[in-house]
Structure formats: C-alpha cells, structure tokens
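Novice: Structure for the following, please:
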Amino acid sequence: MNETVSPAVVQPARAAQAAATYGGIGGNGGVANDTYQARYGTATAPTNGAAATGTALGSQVVQVISTASSFTTLAAGGLITGLTPGTQYWFDIALASGSGTASLQNVTCSAKEF
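Specialist: Next up, the predicted model:
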C-alpha cells in the first residue's frame with residue numbers, strides 16, 4: 001500500500017521549471033525495506049492511502065528498517081522542467097511498505113520556481 005502526505009500545491013507564475021524537495025522521518029512498525037519517492041502532477045492530488053499517482057520526481061529511495069519501530073530521516077525531490085506557467089501543480093511523497101505499516105512524520109516540502 002502506498003501512503004502519501006497532504007500534497008503541496010504550487011502555481012508557477014512565470015517560470016517553466018521548479019525544484020521541489022521533501023524531508024522528514026520515515027519508519028515501520030516491523031523490519032522491512034520501505035521505498036519512498038517524490039511525485040508531482042496536475043490532476044487531482046492523491047489522498048493518504050491511495051496508490052501513487054503523477055510523475056516520479058527523482059529516484060526511488062529504499063529505506064532499510066532493520067529494527068522494529070525504528071525511524072530514519074528521509075529526503076526526496078528534484079528538478080522539474082517543462083511546467084506551464086499559470087497551471088496548478090501538486091507535489092507529494094509516496095511511501096510503500098515492505099511489510100507492516102509504514103509512516104512519515106515531520107514532513108516538510110519546499111518548492112521554488114526559477
């Protein structure tokens with residue numbers, strides 16, 4: 001199952017490119033390999049627990065959880081080109097658990113057009 005946080009929404013005013021980054025803490029109640037990846041899109045943003053949607057941003061990251069109930073820091077994001085000024089885009093981070101229930105905490109998002 002994929003989990004997402006509340007998506008950030010940006011509407012570029014003049015630029016056709018932007019950078020978006022996410023940071024936070026990810027973890028799992030069990031021992032597993034969780035994966036997370038930043039995503040973006042123009043359609044309806046995904047809701048928590050929904051399947052990942054939109055376009056992948058940067059590489060998918062594997063987070064190895066070697067001790068039950070442990071958490072580690074995470075960072076994801078990248079450069080987006082080809083944006084249409086005046087169009088609203090959402091940015092999100094999707095998390096998939098290798099087993100059990102994974103969660104994200106203290107998530108931050110930064111998006112900047114240039």
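Novice: relative to its centroid, which residue of the chain is most remote?
Specialist: Using CA atoms, centre = their mean, the residue of the chain lying farthest from its centre is R14. It sits 24.3 Å away.
Novice: Pull the number of nearby residues for the spatially closest residue to that one that is not a sequence neighbour.
Specialist: Nearest in space to R14, with sequence neighbours left out and distances taken as CB to CB, 6 or more residues apart in numbering, is P85 at 5.6 Å. Backbone N, C-alpha and C define where each C-beta goes, glycine included. Per other CB atoms under 10 Å, the neighbour tally for P85 reads 11.
Novice: Now do the helix or strand where A38 lies: which elements does it pack against?
Specialist: Applying DSSP states H and E as the criterion places A38 in strand 32-41. For strand 32-41, the elements it packs on are strand 17-28, strand 55-65, strand 70-81, strand 89-96, strand 102-113, judged by 3 or more CB pairs under 8 Å, 6 or more residues apart in numbering; DSSP states H and E.
Novice: Can you add distance to V9, mean pLDDT and mean neighbour count and give the ones you listed back as TSV?
Specialist: Formatted as TSV, these follow (distance: least, CB to CB, whole Å; pLDDT from 0 to 100; neighbours: other CB atoms under 10 Å):
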stretch	distance to V9	mean pLDDT	mean neighbour count
strand 17-28	11	81	20
strand 55-65	15	82	15
strand 70-81	14	83	16
strand 89-96	5	85	24
strand 102-113	9	81	16
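Novice: Pipe the ones you listed into CSV and attach distance to P46 per row.
Specialist: Converted to CSV, the helices and strands packed on strand 32-41 look like this (distance: least, CB to CB, whole Å):
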stretch, distance to P46
strand 17-28, 14
strand 55-65, 12
strand 70-81, 15
strand 89-96, 6
strand 102-113, 13
